[in-house]
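Engineer: need a structure here:
(one chain, ligands or ions: 1)
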Amino acid sequence: MPRYAGRPELLLCGLLLGGCATGTPPPAVATPTASAQAPPTATWTPSTTPTATTTPTPTFPADALVDADGLNLRAGPDTMHPSRDVLLRGTPVALEGRSHDDRWLAVRSPADDRGWISAEFVTLRRDLAGVPTQITPTPPPSPTPTAIPMDPSRPLVLVPPAVAQGEPVLIRLREPGAERVVALLDTVEVPLHRLDGDRWAGIIPASPDIAPGQQPVYLTVIRPGGEAVPMTEMLTLRDGHYPEETITLDLEQTPERAAWIDPAVRDGELARLTELTRPVGAERFWSGTWRAPITPTVSSLFGGKRDYNAGAYRGRHSGLDLRARMGAPIRAPARGRVVLVETFVVLGNAVWLDHGWGVYSGYGHLGEPRVAVGDWVEPGDVLGLAGASGAVTGPHLHWEVRVAGVPVHPARWLERDVGFAP
Ligand SMILES: [Zn+2]
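Structural biologist: As a prediction, the model looks like this:
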């Protein structure tokens, strides 16, 4: 069994989306009691609170008080779910459920909004023991992407202008006289794509390995006749706070696992996937915010630096691990074309999709792929069944998103329409 030296239960909250609450988290004043031992498998527990059709109770049940300056009310029990609203410090909430580990609370706000908040940032007014454990279905994709209209006075725009290491950035350009446009960030070059007339757009990855700070995005506009015009826009790159993890495999007990940390095997797989996902196609196949391939409960974070067996192999976790039962359907998050169905030593049975514009997504450790190379898939189509193939100690989904060969944080695609260019 691999031993994880880090404390993922803490990292989960602090890393994804830059924390559960905006602003500086206050000292933990209320630690939910780890009372009831959570059952190993989750079952849907209907809410016991009145439905919207009943007469509202005259007094709001203040089961807990928000104890942070702006706490995200999320669509599900994890920071990778989009935020629906922000609750201010002191806001009372009614408890309707809790996650199995008591770290997330399903709540109703006084405005009758429902969602999940981190238990770390509330003061409890009642015992959690009487609150049912719940899981939520995968949230539907957000119907309204954030519109950032083109500003005629700013022909070159990065959306968003500030990201963390390991996130995708949309480049938008209004340039009447261009025949071709290429963009460069660090060592990665991508072409922009003509939307119509003088509007261009493309997605560039901010690699997890680029140093935080102000990073220039260089554009070269090539005019008819070959004249090259340079342009630059600064990207604010925040620290991704990627954890360092130490993993020890007991190779005496399980010598067959030596291949899992063989640099030749691992680097060979990585090179193959980089090669597969480097081409940037001119067409964009997906639109809108992506849906999660399975209920997104994170078991291992994106981007962690992993040291296996005291330096035998060092690498970065290039995807996000999501909990999955054996045989659970893994679904396409967005429209795309299947470009790889193959079995790897580390990644196990894998399926990769090309979404266009250099964006690819991969699904590893499957029990059984259900698609073939060349298939077109729509959001929600089953790609395969979850399993425990490859270098794993239990069933889960390794979900990866790459842009022009560079791994980026998969959760960002669930939160916003990364390619939205109005
Ligand atoms: Zn993984």
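Engineer: what's the burial count for residue 355?
Structural biologist: 26 (other C-beta atoms under 10 Å). To be clear about C-beta, it is placed using only N, CA and C from the backbone, and glycine gets the same treatment.
Engineer: nearest residue to the single nearest residue of the chain relative to the ion other than its sequence neighbours?
Structural biologist: The chain approaches the ion most closely through residue 398 (3.4 Å), counting by C-beta to the ion. Ranked by C-beta to C-beta, 6 or more residues apart in numbering and with sequence neighbours excluded, the top spatial neighbour of residue 398 is residue 364, at 3.7 Å.
Engineer: now residue 321
Structural biologist: residue 300 (3.7 Å).
Engineer: my guess is that neighbour contacts residue 317. True?
Structural biologist: Yes: under the criterion of C-beta atoms under 8 Å, residue 300 makes contact with residue 317 at 6.3 Å.
Engineer: how about residues contacting the helix or strand where residue 236 lies?
Structural biologist: Under the criterion of DSSP states H and E, residue 236 resides in strand 228-238. Residues outside strand 228-238 that contact it (C-beta atoms under 8 Å, 6 or more residues apart in numbering): 18, 156-158, 161-165, 169, 171, 173, 185, 206, 210-223.
Engineer: that older thread, okay, now the sheet partners of the host helix or strand of the residue nearest to residue 398, with direction.
Structural biologist: Taking DSSP H and E as the definition, one finds residue 364 inside strand 359-369. In the sheet, strand 359-369 lines up against strand 348-356 (antiparallel), strand 382-386 (antiparallel), strand 396-403 (antiparallel) (DSSP bridges).
Engineer: what comes up buried for it?
Structural biologist: If you call a residue buried by 16 or more other C-beta atoms under 10 Å, then strand 359-369 has these buried ones: 359, 360, 361, 362, 363, 364, 365, 366, 367, 369.
Engineer: now do stretch 222-234
Structural biologist: Applying 16+ other C-beta under 10 Å to stretch 222-234 flags residue 233 as buried.
Engineer: straight-line length of that stretch, end to end?
Structural biologist: 20 Å (C-alpha to C-alpha, to the nearest Å).
Engineer: cool, and stretch 168-180?
Structural biologist: End to end - C-alpha to C-alpha - stretch 168-180 spans 21 Å.
Engineer: cool, and stretch 232-244?
Structural biologist: Stretch 232-244: ends 33 Å apart by C-alpha to C-alpha.
Engineer: residues of it that come out buried?
Structural biologist: 233, 235, 237, 240, 241, 242, 243.
Engineer: again with stretch 278-292
Structural biologist: 278, 280, 281, 284, 285, 286, 288, 289, 290, 291, 292.
Engineer: what average pLDDT does it get?
Structural biologist: The pLDDT scores in stretch 278-292 average 95.
Engineer: next up, the contacts around residue 191.
Structural biologist: 180, 181, 182, 183, 202, 280, 282.
Engineer: could you identify the most distant pair in the residues you listed?
Structural biologist: 183 and 282 (14.4 Å; C-beta to C-beta).
Engineer: on that earlier part again, paired strands for the strand holding residue 236, with orientation please.
Structural biologist: Looking at strand 228-238 with DSSP bridges, what it pairs with is strand 162-164 (parallel), strand 213-222 (antiparallel).
Engineer: which residues of the stretch 251-400 of the chain score low on pLDDT?
Structural biologist: Scanning the stretch 251-400 of the chain with the threshold set as pLDDT under 70 gives no residue ranges.
Engineer: tell me where it has helices.
Structural biologist: 263-277 (DSSP state H, counting those that start in this stretch).
Engineer: low-confidence ranges, the stretch 51-200 of the chain, go.
Structural biologist: 51-58, 69, 79-83, 135-153.
Engineer: can you map out the strands along it?
Structural biologist: For the stretch 51-200 of the chain, the strands defined by DSSP state E, counting those that start in this stretch cover 64-66, 71-74, 83-87, 92-98, 104-108, 114-118, 122-124, 156-159, 162-164, 167-174, 180-185, 188-191, 193-196, 199-206.
Engineer: I'd guessed residue 118 sits against residue 106; true?
Structural biologist: No: using C-beta under 8 Å, residue 118 makes no contact with residue 106, being 11.8 Å away.
Engineer: look at the two and report which has more neighbours.
Structural biologist: For residue 118 versus residue 106, the count of surrounding residues by other C-beta under 10 Å is larger for residue 106: 26 against 23.
Engineer: show the contacting residues for the more buried one.
Structural biologist: 47, 77, 95, 96, 97, 98, 114, 115, 116, 134, 136.
Engineer: flag every buried residue along stretch 101-109.
Structural biologist: 102, 103, 104, 105, 106, 107, 108, 109.
Engineer: this completes my enquiry, with thanks.
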